Every structure is written in structure tokens, then in C-alpha cells.
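>>> Sequence first, predicted coordinates after that:
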Amino acid sequence: MQTKNNGMKKYLFFAMIFFVGLSSFGKLQQPDVNGGIGNLQGLKIAFITKQLALSPDEAQKFWPVYYNYNDEIVTVKKEKKDDVLAAEEGVLNVKKRYFAEFKKILGSDQRANKVFLTDREFGEFIKKEMENRQKLRAQRQQNKLNQR
């Protein structure tokens, strides 16, 4: 009975993450009063959760640490925005410090390293998505002009 219950909890957790990501992806097209940040964050959560194959227990421990990590990265980049080398060094130091914390949660060097790779992949995914949407908008505008 306990195993069935844990399986159901895991299924519901991943279904929730999937639907949050799916709804966020759809809403990414629509302008948001907050600039779409909440929608983008939901998409990022779904993306990273899937890529890292986080269990519900891991996710519960992972996300607070990840948010702290992300906040520190943003702070370092803002504080050292005029000195590229210092900014990159600061970001590297933050990553080194958080690597150990991610390893404690995720259980291996490989999975801890994947946090940083997945973060980069998400950025590339969003960049490609924005480029595709920009091309689609330009095509639609061109089609409208051609119809006149």
C-alpha cells in the first residue's frame, strides 16, 4: 500500500510540473503585466525538473538552494557589470560553492554538474524560442503587407 501511495505521489508531482510547464509555455506568447517573468520561471522549473529527473524529495530540497544560487549569480553580475573578468570569476566562485550543495541533494558529481549544464541549455532554449517567434512575427507582417 505504501509503495502504491509513493508512486501516486510521484506521478501527481510530475504531472503538476508538466502542466505548469505546459501552461507557462503557452502563456509565454502572451504579454504579462510583470513582463512574463512568472511564466518564464514556471517553464524553467519544469525544464530543470525534467532534465535533472528530480524526485519529489529532491525537488523539495533542490529549489530553495537553486533560488539562492541564482540570486547570488544575478547579484555578482550586477555588482561587477563593468568588469567582465571579475564578473566571470565571481560567477565561477559561486558555482564552485554551490556545486557541493547540489551534490549533497542530487547524490553525484555528474548530476550536480548537470545543474549548470541544464541552466545553460534552458537559456539557449529560450533564446531559440524568442528568435523563432520573432521570425514568425516578421513573416506574419510580411504576409499582411503582401495581402494589401
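Cool, got the structure.
>>> Quick one: residues contacting residue 58.
52, 105-106 (Cβ atoms under 8 Å, 6 or more residues apart in numbering). No exception for glycine: its C-beta is placed from N, CA and C like everyone else's.
>>> List the buried residues for the host helix or strand of it?
Using DSSP states H and E, residue 58 falls within helix 56-79. For helix 56-79, a neighbour-count test (16 or more other Cβ atoms under 10 Å) marks 58-59, 61-62, 66, 69, 72-73, 76 as buried.
>>> same question, stretch 41-51
Buried residues in stretch 41-51, counted by 16+ other Cβ under 10 Å: 42-49.
>>> burial count for residue 88?
Neighbours of residue 88 under the rule other Cβ atoms under 10 Å: 13.
>>> so where's this structure shaky on pLDDT?
For the chain, residues meeting the criterion pLDDT under 70 lie at 1-38.
>>> Relative to residue 132, which of the buried residues of stretch 41-51 is nearest.
residue 43 (14.8 Å; Cβ to Cβ).
>>> Same question for that closest one, what's its three-state structure.
Here residue 43 is recorded as helix under DSSP: H, G, I helix; E, B strand; the rest coil.
>>> what's the spacing between it and residue 49?
11 Å (Cβ to Cβ, to the nearest Å).
>>> Next: residue 55.
10 Å.
>>> the helices in the protein, which residues?
For the chain, applying DSSP state H gives helices covering 2-27, 37-52, 56-79, 84-106, 109-147.
>>> Of these, flag the one that's most buried.
Ranked by mean neighbour count, the helices of the chain are led by helix 37-52 with a mean of 18 (mean count of other Cβ atoms under 10 Å).
>>> what helices or strands is that one leaning on?
Contacts defined by 3 or more Cβ pairs under 8 Å, 6 or more residues apart in numbering; DSSP states H and E place helix 37-52 against helix 2-27, helix 56-79, helix 109-147.
>>> among those, which is nearest residue 93?
That would be helix 56-79 among the helices and strands packed on helix 37-52, by Cβ to Cβ, at 8.0 Å.
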